[in-house]
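Chemist: Here's a sequence, model it:
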Amino acid sequence: MASQRLKRGMRGALTASAIIAMVSTSPAPAIAQPPSGNTESDALKKYNELNKQAEVVNEELNKAKDDKDAKQAELDKATADLTAANQAKDAAAATEEQFRGQVENLSSASFRGARFNKLSALLTGTSAQDFLDRSSALNVLATDNNKALTELHKAVTTAADSATKAADAQKRATEARDAAAKLQADIEARGKDLQKQINEVKSAANKLSAADKAKLNTPKDTGAYFGPPGAANTAIQAALSRQGDAYVWGGASPGGFDCSGLTSWAYKQAAVSLPRSSRAQYTVGKAVPIGQEIAGDLAFYGSSAGSIHHVALVIAPGKIVHASTYGKPVAVTTLRGGGSDLFAIKRVVG
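Modeler: Numbers count the residues shown, from 1 in each chain. Alright, predicted model coming up:
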């Protein structure tokens, strides 16, 4: 019995030894390692970051140009008002001079005895007809004098009012001219900043792999999209016809668009004028709750009205066509595909 227990113990020991040997000689299970940095993905990430920075500068430049155009319009209006006010003042001065002389002549005639009251005319008249003739003459003199005094007063008032308007127009013209000059300097500075950003983006683009560049291309959407009859639908069809056009900073014509360049161009085809920049376009139309957008609306992206950096044209609920960023052609995508910071929807027609 003891020998049997020994044999069973040895078999147990051998089995345990065998197991230990098997475990010690088996390859260790693979432990999942965190993925190493992907150079291509890093390059694409850097490229996208630089693109976003360039887009912001581009929109700030467009906004500065919008502001300058507005100031130029103010300057033109003030200059026209100044010209009109000066012309009115000169005309009033001439009228004043004319009627001042007439009043002075009538007043002088009165002092010389040319004017008589009706009682004196009755007492000195030789007949009833003579009285009537003299009374008629007196009425004419009085009427002429009253008219002359009225016209003189009107001319003096007009001249004074025109002088005030001329001074106001001159002040507005000066302020608008100074503001336009300041904005021009701002435009030139932002233009230099944008060019610097563009150079960095293009340098980053040269470092992208073929796989990364392929991710930037979006196939043309051949679906049919229609907006309400009229301007909205015309704008939609115009924008859709530009699918594949390149993104160009400051571009606003077929062949190359930036985001607000595409939306303003599309609506121009429908005879609807929009400002040039996305921030200025945001001031047009009425707000629509997100989720209630319809074809023809504009979608704006940013964290606030003052930080809007992108605009797209809604072609159907939840879908847009837009010029997104450098390296990507005009394309159709989802509403959220225009950016994670969807801020507002505006209806510019209808």
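Chemist: so what are the domain limits for the chain?
Modeler: The record's domain parsing of the chain by automatic domain parsing lists 46-205, 219-347.
Chemist: Tell me the helices and strands packed up against the helix or strand that residue 147 is a member of.
Modeler: Applying DSSP states H and E as the criterion places residue 147 in helix 128-205. If you count contacts as 3 or more C-beta pairs under 8 Å, 6 or more residues apart in numbering; DSSP states H and E, helix 128-205 packs onto helix 39-111, helix 118-124. From N, CA and C alone the C-beta is placed, and that goes for glycine too.
Chemist: What average pLDDT does the helix or strand following it get?
Modeler: Downstream of helix 128-205, the first helix or strand assigned by DSSP H and E is helix 210-216. Here helix 210-216 scores 88 as its mean pLDDT.
Chemist: name the helices or strands packed onto helix 210-216?
Modeler: helix 39-111.
Chemist: Just list the residues touching the closest residue to residue 246 other than its chain neighbours, thanks.
Modeler: Once flanking residues are discounted, residue 246 sits nearest to residue 256: 5.1 Å by C-beta to C-beta, 6 or more residues apart in numbering. Applying C-beta atoms under 8 Å, 6 or more residues apart in numbering to residue 256 gives the contacts 245-248.
Chemist: from the residues you listed, which single one is nearest residue 167?
Modeler: residue 248 (45.9 Å; C-beta to C-beta).
Chemist: Near that closest one, how many residues? Count them for me, please.
Modeler: 16 (other C-beta atoms under 10 Å).
Chemist: Please name the bridge partners of the nearest residue to it once chain neighbours are set aside.
Modeler: Residue nearest to residue 248 in three dimensions, not counting chain neighbours: residue 256, with 3.1 Å by C-beta to C-beta, 6+ apart. Using DSSP bridges, the bridge partners assigned to residue 256 are residue 246, residue 253.
Chemist: confidence score at residue 256?
Modeler: 96.
Chemist: Please report how far it lies from residue 245.
Modeler: Relative to residue 245, residue 256 is positioned 6 Å away (C-beta to C-beta, to the nearest Å).
Chemist: For residue 64, give its distance to residue 75.
Modeler: Relative to residue 75, and taking C-beta to C-beta, residue 64 is found at 16 Å.
Chemist: Also residue 195?
Modeler: Relative to residue 75, and taking C-beta to C-beta, residue 195 is found at 28 Å.
Chemist: Compare these two and say which is more crowded by neighbours.
Modeler: With neighbours defined as other C-beta under 10 Å, residue 195 and residue 75 compare such that residue 75 has more, 19 against 13.
Chemist: burial count for the closest residue to that one other than its chain neighbours?
Modeler: Closest residue to residue 75 apart from its sequence neighbours, by C-beta to C-beta, 6+ apart: residue 176 at 3.9 Å. For residue 176, the count of nearby residues is 20 (other C-beta under 10 Å).
Chemist: Pretty sure residue 176 sits against residue 74.
Modeler: Yes - counting by C-beta atoms under 8 Å, residue 176 touches residue 74, with 4.2 Å between them.
Chemist: for residue 311, which residues make a bridge with it?
Modeler: Beta-bridge partners of residue 311, as defined by DSSP bridges: residue 300.
Chemist: Contacts only, for it.
Modeler: 259-260, 263, 278, 281-282, 298-301, 322.
Chemist: where along the stretch 201-350 of the chain do the strands fall?
Modeler: Using DSSP state E, counting those that start in this stretch, the strands of the stretch 201-350 of the chain run over residues 246-247, 252-253, 256-257, 286-288, 298-301, 310-316, 319-322, 331-334, 342-347.
Chemist: Determine which of those approaches residue 230 most closely.
Modeler: strand 342-347 (12.8 Å).
Chemist: how many neighbours does residue 185 have?
Modeler: 10.
Chemist: Please shift the residue numbers so they start at 2 in all later answers.
Modeler: In the new count, where the first residue is 2, that last one comes out as residue 186.
Chemist: gap between the residue nearest to the spatial centre of the chain and residue 307?
Modeler: When C-alpha atoms, centre = their mean is applied to the chain, the residue found nearest the centroid is residue 281 (1.9 Å). Remark: distance between residue 281 and residue 307 (C-beta to C-beta) = 12 Å.
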